[in-house]
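Asks: show me how the following folds:
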Amino acid sequence: MMIPANRAHPDKIFSSKRIQSQMGSITGSLLYLHAITGCDATSAVYRKGKKGPFKKLQQDTLLCRKMQVFNDPQASADDITAAGEAFLFVLYGGKPDGSLDKQRYSTYTRTIAKQPVHAQFDLATLPPTSAAGRQHSYRAFHQVQ
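Replies: Residues are numbered from 1 along each chain as shown. Okay, here's the model as predicted:
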């Protein structure tokens, strides 16, 4: 991999094998991470970016192993749904065994309780519903394949 030079810095060449060995177990989840956080064919998760999800996946090796489902072309729809929902749940601050719908409701009630009555609320900041998370996971799976 090469980063071209600019006026201040010369060309930099990186070994992709070295980068892969330094990243460890997360390398098998990079395509999924790229697809689920938004790419040319999959919409992005609102206000989550790429760095935050990458760090969450780096910190949680169990979650990283669950994401290997997206590399399996024979994975069932239920496995894809469960793995995708677990990742989205963790991304929005929950534990991987929770429900997106419950997380969405608790986030909504917590946020509304803190705001004055006249304040506007942006629904896009809530976690997706389970149905939306399932469809997003299917799109990410299709993109990885």
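
Asks: all strands for the protein, in order.
Replies: Using DSSP state E, the strands of the chain run over residues 2-3, 12-13.

Asks: to Gly93, which of those strands lies closest?
Replies: Closest approach to Gly93 among these (CB to CB): strand 2-3, 33.9 Å. Just so you know, the C-beta spots here come from the backbone N, C-alpha and C atoms, and that holds for glycine as well.

Asks: strand partners of that closest one, parallel vs antiparallel please.
Replies: Applying DSSP bridges, strand 2-3 is found paired with strand 12-13 (antiparallel).

Asks: how far out from the middle of the chain is the strand it pairs with?
Replies: In terms of CA atoms, centre = their mean, to the nearest Å, the centre of strand 12-13 is found 29 Å from the chain centre.

Asks: now it: average pLDDT?
Replies: Taken as a whole, strand 12-13 has an average pLDDT of 84.

Asks: what of stretch 137-145?
Replies: Across stretch 137-145, pLDDT averages out at 94.

Asks: contacts for that stretch?
Replies: The contact list for stretch 137-145, computed with CB atoms under 8 Å, 6 or more residues apart in numbering, reads 31-32, 35-36, 39, 41-43, 70-71, 73, 75, 77, 80-81, 83-85, 88.

Asks: residue ranges for the helices of the chain, please.
Replies: Shown for the chain, the helices assigned by DSSP state H span residues 16-23, 30-36, 51-59, 61-66, 77-91, 100-114, 130-144.
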